[in-house]
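In: I need the structure of the sequence given here:
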Amino acid sequence: MDIGNLLKAFIIILGVVLLMKAVLSLAKRKMTEPFCLVWAILSCLMIIAGLLLQPYQLDHYVSKRVLILILLMVLSAVWGLWFISTQVSILMRRNQELAMQLSLLNQDSEKLMKELKEIKEAMNKESLRSDEQ
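Out: Model (predicted):
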C-alpha cells in the first residue's frame, strides 16, 4: 500500500470512528449536544475529504516513517481534544445540576423564612395578649 492510499484510509477510518463516538456519546449523555454536533460535522468533513483526496506522488515528499509519526501526532491531538470536550461537557452538566439544586434550596429557604416569620409574629401577638392580661 502506498503512502497516498494509507493517508486516505486513515482519514476515512478516523472520520467514521469519530462519527460513531459522537453519536454514542450523545446517546450515553457523556457529551453535550453542541459538542457532539461539532464532532459529527468534523467527522463528516473528514470522511468527505478522505474520499475526495487524491494524493499523487506523496511518497516523493514524505517517507513512511514520517507519515506514521504525523498520523500518531494527529491521533494524539484528536484524542486530547476529544478528552477535553468530554470533560467540559461533564462539567457543564454538573454545573447545570448544581444550579437547579441551588434554585430548589433557595425556594425551600424562602418558604422556611416565611414560616419562621409567621411563627415569630404569632408568638409576638401571644406575648402581647399575655402582657395585657
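In: quick one: distance of the helix or strand where residue 105 lies to the chain centre.
Out: Using DSSP states H and E, the element containing residue 105 is helix 64-132. Helix 64-132 sits 17 Å away from the centroid of its parent chain (Cα atoms, centre = their mean, to the nearest Å).
In: mind checking the SS state of residue 31?
Out: When classified by DSSP: H, G, I helix; E, B strand; the rest coil, residue 31 comes out as coil.
In: in contact with it, which residues?
Out: By Cβ atoms under 8 Å, 6 or more residues apart in numbering, residue 31 lies in contact with 22, 25, 39, 85, 86, 89. All C-beta spots, glycine's among them, are computed from the backbone N, C-alpha and C.
In: closest one to residue 33 out of those, please.
Out: Lowest distance from residue 33 to the contacts of residue 31 (Cβ to Cβ) belongs to residue 89, with 9.2 Å.
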